[in-house]
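In: next input, structure requested:
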Amino acid sequence: MAGGTLFGGIFYALIAYLPIQRLAETAGLLQNWQAIFAIFVIAMLFGLFPDVDTNSKAQDLFFAIVFPLNIVLLATDKIQASAYLGLIAMLPVVGKHRGWTHKKWAMVIVPLPILLIPYIYNEAILPISTIYYGAAVSGYFSHLLFDGLIFKRFRIKG
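Out: Next up, the predicted model:
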């Protein structure tokens, strides 16, 4: 969780202060506290995602966030978003612990619905979807990094 939040902050700093800032401005991100908050939540959730496949604190926390979020989506008539969130949340049970969820390719593929599904329905929201996708990848990357799966000698044990 800490890694996802940390890398969410690093990602936000990159989009706020580097040339990609124009993408963030196009998305209206830098003026919207809810969008900024979403970057941190998405990065944190995807930082937890690889360990959702086993009974763990990460699983408990992940579903403690996803469940109420799904209720909010349902209550605000965002049925498709709720369905996609539910589908993504169930994906880890289709494998064993430290299986496919801990592969480097998964950090790029698993968050793809954040980018592709909104684009299918409304390509005008591609800038914000791209930013949220980047937040998801950065959170996922943090988990793999701290598990020692990016650099073999770099592992933080909790």
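
In: contacts, neighbours, all on C-alpha from now
Out: OK.

In: which neighbouring elements make contact with the longest helix belonging to the chain?
Out: Counting residues, the longest helix in the chain under DSSP state H turns out to be helix 126-146. Using 3 or more Cα pairs under 8 Å, 6 or more residues apart in numbering; DSSP states H and E, the elements in contact with helix 126-146 are helix 2-17, helix 21-26, helix 33-48, helix 104-109, helix 112-121.

In: quick one: residues in contact with the third one.
Out: For helix 33-48, the external contacting residues (Cα atoms under 8 Å, 6 or more residues apart in numbering) are 1-5, 7-9, 12, 29-30, 58-59, 62, 131-132, 135-143.

In: after that helix comes which helix or strand?
Out: Sequence-wise, the next helix or strand downstream of helix 33-48 (DSSP states H and E) is helix 57-75.

In: what's the angle from that following helix to helix 33-48?
Out: Helix 57-75 runs at 140 degrees relative to helix 33-48, counting by axes from the mean of the first three to the mean of the last three Cα atoms, to 10 degrees.

In: re the thing from before, in the longest helix of the chain, what counts as buried?
Out: Neighbour counts over helix 126-146 (16 or more other Cα atoms under 10 Å) mark 126-146 as buried.

In: can you redo the helices and strands packed on helix 126-146 as a markdown table with distance to residue 94, mean neighbour count and mean pLDDT?
Out: Below are those laid out as a markdown table (distance: least, Cα to Cα, whole Å; neighbours: other Cα atoms under 10 Å; pLDDT from 0 to 100):
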| stretch | distance to residue 94 | mean neighbour count | mean pLDDT |
| --- | --- | --- | --- |
| helix 2-17 | 23 | 19 | 84 |
| helix 21-26 | 35 | 16 | 60 |
| helix 33-48 | 16 | 22 | 88 |
| helix 104-109 | 13 | 15 | 93 |
| helix 112-121 | 17 | 16 | 84 |
